[in-house]
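> Here is my input, please return the structure:
(one chain, ligands or ions: 1)
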Amino acid sequence: MDEKVKELLEKAKLTAGMAADTAVKAAGMVSQKGTQLVEKTKRNFQVFDLNNEVELLMRDIGRMVYLTHTGVETDEAALEEKLAQIDEKYAAIAAIKEELEAQKTTTVCPVCGKDCDKNDLYFRVCGEKLQ
Ligand SMILES: [Zn+2]
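Residues are numbered from 1 along each chain as shown. Below is the predicted model:
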């Protein structure tokens, strides 16, 4: 691999430890907002938007790595910023999904795949026992 690209990837690895802290912070942020009882649809759109933003950042990072490979000077601060932004967005997505899951009153049967109430002892459709 290209030495400069290798060096860049090593630096990116060093910022990995910061991702966990960011995840905790983002989760706190989202759950605070969650107390305002936001609609499920709105949450799903937020996840959709966040995923799109992550894709754009991934594309930027890919371009930066490629340009490094071609000999162009890399703005390392900008690269680290983009990596941190992805960490934040993934953390926010995870927190939203967790929140949506907690709000669900139904569960999916592993046998027939139909929804049923979380409090039911048996699935109404196929009779499979719920844990
Ligand atoms: Zn079933």
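
> mind checking pLDDT for residue 29?
Here, the pLDDT recorded for residue 29 equals 60.

> Use 7 as the first number for this chain going forward.
New numbering, starting at 7: the last item is residue 35.

> residue contacts, residue 10?
Neighbouring residues of residue 10 by CB atoms under 8 Å, 6 or more residues apart in numbering: 74, 75, 77, 80. (Each C-beta comes from the backbone N, C-alpha and C, glycine too.)

> From residue 69, how far off is it?
For residue 10, the distance to residue 69 equals 15 Å [CB to CB, to the nearest Å].

> where do the strands sit along the chain?
With DSSP state E, the ranges of strands along the chain come out as 112-114, 121-123.

> Please determine how far the spatially most central residue of the chain is located from the ion.
Among the residues of the chain, the one closest to the centroid is residue 96, at 2.5 Å (CA atoms, centre = their mean). Relative to the ion, residue 96 is positioned 32 Å away (criterion: CB to the ion, to the nearest Å).

> How many residues are close by the closest residue to that residue other than its chain neighbours?
Among residues not flanking residue 96 along the chain, residue 60 sits closest, at 6.7 Å (CB to CB, 6 or more residues apart in numbering). Using other CB atoms under 10 Å, residue 60 has 18 other residues around it.

> wait, residue 60 sits on residue 95?
Yes: if you go by CB atoms under 8 Å, residue 60 and residue 95 touch, sitting 5.0 Å apart.

> Going through the contacts of residue 10, which ones are buried?
74, 80 (16 or more other CB atoms under 10 Å).
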